[in-house]
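>>> Quick one: sequence and predicted model below, then my questions.
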Amino acid sequence: RQRPRQRAGDERLRRDVVRRRSCYNQRMVRGCLAVLLAATACSGKDPGSTPRPRTVGVGEGGACVTHDDCPATQWCLHDRCSDRPVPGPPPSPPNAAWTASPEVLNFGSVTAGQTRSLTLVVTNVGETPLTLSDWQVLPAGAPFALAPLGYGPFWLRPGRSRDLFVVFAPEQPGRVDATLVLGAEAPPLTVPLIGN
């Protein structure tokens, strides 16, 4: 059984906790529902029943409670009418571009039935990563091929370079001209190929 003095202390502690919770809840209501409370206090009615008439002298850079208190070109920000931001042009997409070096791959003379491989260095000169998604040699059937790129995607970060290996494997003598076309998120990259 508690003594009367201890019970009085417990009661004071309980009241203090309740008072602190009440203050916290009031701050939350004031912070989160300030507009609703202000409308209720000013009109004395349910804020959802009728719109509050605009107060004379409110707006045009003056004090406000809601956006309705400000002219159409302004809105209520921190209890003051402020100009609405003017929408600008949409941001431009990042630049996607790449280059190849050398600009022409000349394999020189290769005996029919033999192969020669040359290195083609591709560099991402744009602002966004690129992934090599497709390649082809034109005209189809030309004796050039791109060596396997390994496992996973072949991608380039901005400012980085990677090596591609192009193989020439002629089946008969004679000059062969073709074009290697590389596809990615950037415009296609074309590299002339020459072999004898």
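Now that the structure is in, tell me what you want to look at.
>>> tally of neighbours for the nearest residue to residue 169 once chain neighbours are set aside?
Excluding its sequence neighbours, the residue lying closest to residue 169 (CB to CB, 6 or more residues apart in numbering) is residue 115, at 4.4 Å. For the C-beta atoms, the positions are set from N, CA and C on the backbone; glycine is no exception. Residue 115 has 13 neighbours, counted by other CB atoms under 10 Å.
>>> so what's residue 115 up against?
Residues counted as contacts of residue 115 (CB atoms under 8 Å, 6 or more residues apart in numbering) are 167-169.
>>> Just grab the bridge partners of residue 165 for me.
With DSSP bridges as the criterion, residue 165 is bridged to residue 119.
>>> So which residues make contact with the host helix or strand of residue 162?
Applying DSSP states H and E as the criterion places residue 162 in strand 161-168. By CB under 8 Å, 6+ apart, the surrounding residues in contact with strand 161-168 are 105, 107, 110, 115-124, 143-147, 149, 154, 156, 176, 180, 182, 191, 193, 195.
>>> Check which residues of that strand are buried.
164, 166, 168 (16 or more other CB atoms under 10 Å).
>>> going on from that strand, what's the next piece of helix or strand?
That would be, after strand 161-168 and using DSSP H and E, strand 176-183.
>>> for the chain, where's the lowest mean pLDDT among helices and strands?
helix 34-43 (a mean of 48; mean pLDDT, DSSP states H and E).
>>> Quickly run through the sheet partners of the next helix or strand after that one, with directions.
Following the chain from helix 34-43 toward its C-terminal end, the next helix or strand by DSSP H and E is strand 74-77. According to DSSP bridges, strand 74-77 has the following sheet partners: strand 80-83 (antiparallel).
>>> what is the rounded mean pLDDT of the partner strand?
The predicted model assigns strand 80-83 a mean pLDDT of 86.
>>> Stretch 171-186 too?
pLDDT averaged over stretch 171-186 gives 93.
>>> if we can go back for a sec, from residue 195, how far off is the residue nearest to residue 169?
With the distance defined as CB to CB, to the nearest Å, residue 115 ends up 10 Å from residue 195.
>>> what about residue 88, which helix or strand?
Here residue 88 is assigned to no helix or strand, by DSSP H and E.
>>> Count the neighbours of it for me.
6.
>>> hang on, residue 133 packs against residue 181?
No - contact between residue 133 and residue 181 fails when scored by CB atoms under 8 Å: they sit 11.7 Å apart.
>>> doesn't residue 154 make contact with residue 131?
Yes - taking contacts as CB under 8 Å, residue 131 lies within contact range of residue 154: 6.8 Å.
>>> Tell me which of these two has more neighbours.
Counted by other CB under 10 Å, residue 131 and residue 154 do not tie: residue 154 has more neighbours, with 17 against 11.
>>> Which residues are in contact with that one?
With contact set as CB under 8 Å, 6+ apart, residue 154 has these partners: 131-132, 162.
>>> Nearest to residue 187 among the residues you listed?
Nearest to residue 187 among the contacts of residue 154: residue 132, at 13.5 Å, using CB to CB.
>>> From residue 150, how far off is that closest one?
11 Å.
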